[in-house]
Every structure is written in structure tokens, then in C-alpha cells.
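show me the folded form of this:
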Amino acid sequence: MRRREFIGLIGGVAATWSLVARAQQPALPMVGFVGIASAKSWVAQSSAFLKGLNEAGYVDGRNVVVEFHWAEGRIDRLPAMMADLVHRQVSVIAATSTEVAIAAKAATTTIPIVFETASDPVRLGLVAHLNRPGGNVTGITSVNVEIAPKRLQLLHELVPAAGAIVLLVNPANPRVAEINIEMFRTAARAPGLELHVLNASTERDFDGAFAKVIQLRAGGLVIGPESFFTSRSEQLAALSVHHAVPAIYHSRSFAAAGGLLSYGADSADAYRLTGIYVGRVLKGEKPADLPVQQATKVELYINLKTAKALGITIPNTLIGRADEVFE
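Numbering: from 1, shown residues only. Okay, the predicted model is just below:
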């Protein structure tokens, strides 16, 4: 045998053994991360999720593969996304909003699901009990719904002459809308406020909703905590400035874009905890035995420039409590 042929033969054998060895290596577990918004608008949340996953001992691309899927605010895309993840038998589904969690639960009873939601997961039918969820679902809740009374109270403090406040909800997400309406109606009773409920499920509805706020002569607008609104918080903030409507929402981006106030749960903290829980499931813990955990950090953001334009005086005590002030 010629030397060149021999070397070629040895090289071919080595390459074959390399392919065989690689084929014998176990495939990395895959996490299907599904977000209701877009990758661009959810950078902080997805980064926090990966941080939590790292804290649990998993690094994307090293010992786990994280596939990010974005619904771009369209709930109708979720069933197809879930069907694909179920077909591919991913290790865990990270369902990072109420709408995504509901779609994930409807799609599978076997693949572990870790959710992040601002609503009551028992009332939503995601889990049987908070302490022992049962089934294949567990996750993290934030306090955005629970602090709804405080959000209404803050707005009322800044516009005390207002006798009526408007709540904006998304009828395309009826379960979440129902919970928000109930919470805000209860909160409005104590100060004797009249609460008007307006609907918006598409961007085309926004202008009409703000026009209705003006027509009703409402003193302010509370935007219900909802993923569709969160993915368009900058647009809603711009409209509140354009129509000179004092408005409050739960996400920082709303105040940063010109909204008067943002008061809500620290979403980065909730997503970090979600990542930790996904890591625990990857290590073998069962969702049925992992209690639903609550993220309790709350943030306040104030836009002083908008307050000045609206003729609203923000008390120094409130400014002192703010996590960030935009001027």
C-alpha cells in the first residue's frame, strides 16, 4: 500500500470514529422559551431568564439549548408554536406570560411547563394549588394584579379632583380582563370613584379608547396589566402625552416613553426566578412538587416632564420613593 493511501485510510478511520463518538454523545436538553412580545422589546426579561438559568447551573449552548420563540403580541400564533414544541418533545416549556401559559397547558399534559404570570394561577386553571401544583405545571407569579388597588390609589392622589377613572383591558384575553375588572372595581369603591371600562385588542383601537377617555371627562387612565399592552407600552405612553391624559401602567418602558407613572412588579426578577425553576426541573425535580413562587419586588417610575406638562405636582415624598425619575 502506498504511503499516501495509508495516510488517507487512517484519516478516514479517524473521521469515522469521530462521527461515531459524536453521535454517541447525549443530546443537550432543550428549553422552549415562548414570549408573547418581541425579542427587541423583551431583552431585559430574556437576559434575566438566562441569568436565572445560569444560577441553576445551566448555560445556553454549553449544557442546555434555549430556543426563543416570539408571538409578536399575537395570541393566535401560540397554539401552532406549542404544537411544534410538543412535536419535538422539548425538555421544558418556559411559558413567560399568562396567555402563553394557558396555551402551553392546553397543548401538553406531559412536558414540564414553568410559567410566569401576573394573575392568580389557580383561578386561571394553571395549577390545582399554589403549594402543591400537581400535574406538569408550576411557575412564578408577580404582584401586578395584587397591587392594582395601589396603582389606582397613586393616580387618584395625583388627580384628586377626578370623580371617574378609566380602565383599559383587552377583551381578546377574557380571563385576564375579567380578573382586572374585578380588582379595579373593588379598588374604586373605597375612594368613591366611578370606574369606566374600555376595550382595546388591536392597535387600531387605541385612538378610539383615548378619545373616549376625553369624552367621558375621566380624570385619568389605568392600563390593565396585559402582555399585549406591555408590548406596545411606548405607543400607549405617546398617546397619553398626545391626548394629555394622566395615565399609569406597570412597566418601566411606559414612564420612560412619556407615561406619567409606572408602578408594578420587577419583571426582571420574575424572569430570573423563572429561569431558576426551569433549571431545577432540568435537574429532575417535578413541577407537581415545586410550589408556585411569588416575585415580590415592586418598582415605581415617575415622569416629571409629563407631570409638568399636565399641570400635576408630584409630592417630594413620592419622588423620594421612586426607583427612577425621568425629567
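
for Ala27, grab the count of nearby residues.
Using other CB atoms under 10 Å, Ala27 has 7 neighbouring residues. For glycine as for every other residue, the C-beta is placed from the backbone atoms N, C-alpha and C.

spell out the secondary structure type for it.
coil (DSSP: H, G, I helix; E, B strand; the rest coil).

return the residues in contact with Leu53.
If you count contacts by CB atoms under 8 Å, 6 or more residues apart in numbering, Leu53 has them with Val31, Val59, Asp60, Val64, Val66, Gly275, Ile276, Val278, Gly279.

the closest residue to the third one other than its chain neighbours pairs with what?
Once flanking residues are discounted, Asp60 sits nearest to Val66: 4.5 Å by CB to CB, 6 or more residues apart in numbering. In this structure, Val66 bridges to Val31 when assessed by DSSP bridges.

how near is Val66 to Glu55?
14 Å (CB to CB, to the nearest Å).

quick one, which of these two is more surrounded?
Val66 (22 against 13).

how much space between that one and Glu99?
From Val66 to Glu99 the distance is 20 Å (CB to CB).

now Pro29
Pro29 is 25 Å from Glu99, by CB to CB.

of these two, who's got more company?
Higher neighbour count among Pro29 and Glu99: Glu99, with 25 against 16, using other CB under 10 Å.

what about the nearest residue to Glu72 once chain neighbours are set aside, how many residues close to it?
Distances taken as CB to CB, 6+ apart put Ser38 closest to Glu72, at 5.3 Å, once the chain neighbours are dropped. Neighbour count of Ser38, defined by other CB under 10 Å: 13.

can you pull the pLDDT of Ser38?
For Ser38, the model assigns a pLDDT of 87.

Thr202 now?
Value for Thr202, per-residue pLDDT: 91.

all strands of the stretch 51-200 of the chain, in order?
Per DSSP state E, counting those that start in this stretch, the stretch 51-200 of the chain carries strands over the ranges 65-70, 92-95, 113-117, 137-141, 164-169, 194-199.

list the buried residues of the first one.
Across strand 65-70, burial judged by 16 or more other CB atoms under 10 Å covers Val65, Val66, Phe68, His69, Trp70.

the last one too?
For strand 194-199, the buried set under the neighbour-count rule, 16+ other CB under 10 Å, comprises Leu195, His196, Leu198.

so which of those residues comes closest to Ala265?
Of all the buried residues of strand 194-199, Leu195 has the smallest distance to Ala265: 22.2 Å, by CB to CB.

is the closest one bridged to anything, and to what?
So, taking DSSP bridges as the rule, Leu195 has Ile165 as bridge partners.

where do the helices sit along the stretch 151-300 of the chain?
Secondary structure of the stretch 151-300 of the chain by DSSP state H, counting those that start in this stretch: the helices cover 174-189, 204-216, 227-230, 233-242, 252-256, 267-282.

just list what the fifth one packs against, helices and strands only.
What that stands for is helix 252-256. Applying 3 or more CB pairs under 8 Å, 6 or more residues apart in numbering; DSSP states H and E, we find helix 252-256 packed against helix 233-242, strand 261-265, strand 298-303, strand 324-326.

Arg232 against Gly73, yeah?
Yes - if you go by CB atoms under 8 Å, Arg232 and Gly73 touch, sitting 7.0 Å apart.

tell me what Ile93 is bridged to.
With DSSP bridges as the rule, Ile93 is bridged to Gly32, Ile113.

tell me how far it lies from Phe228.
From Ile93 to Phe228 the distance is 21 Å (CB to CB).

of those two, which one has the most company?
Between Ile93 and Phe228, counting by other CB under 10 Å, Ile93 is the more crowded of the two (31 against 24).

surely that one touches Val66?
No - taking contacts as CB under 8 Å, Ile93 lies outside contact range of Val66: 11.5 Å.

how is this protein carved up into domains?
Domain assignment for the chain by automatic domain parsing gives 30-142+266-296, 148-265+299-326.

what about stretch 55-70, how long is it end to end?
24 Å (CA to CA, to the nearest Å).

show the average pLDDT along it.
97.

sorry, back to before: list the contacts of the residue nearest to Glu72.
By CB under 8 Å, 6+ apart, the neighbours of Ser38 are Trp70, Glu72, Gly73, Ser231.

on the three-state scheme, the closest residue to the last one other than its chain neighbours is what?
Using CB to CB, 6+ apart and skipping the chain neighbours, the partner closest in space to Ser231 is Ala37 (3.8 Å). With three-state DSSP as the basis, the three-state label of Ala37 is coil.

where's Ala37 relative to Arg77, distance?
In terms of CB to CB, Ala37 sits 12 Å off from Arg77.

got a list of what the most centrally placed residue in the chain touches?
Centrality entry for the chain: nearest residue to the mean C-alpha point is Ser97, 4.5 Å, by CA atoms, centre = their mean. The contact partners of Ser97, taken as CB under 8 Å, 6+ apart, are Gly35, Ile36, Ala37, Glu116, Thr117, Ser227.

ok, of the residues you listed, which come out buried?
Gly35, Ile36, Ala37, Glu116, Thr117, Ser227.

and the pLDDT for the fourth one?
Going back to what we said before, that points to Glu116. At Glu116, pLDDT is 95.
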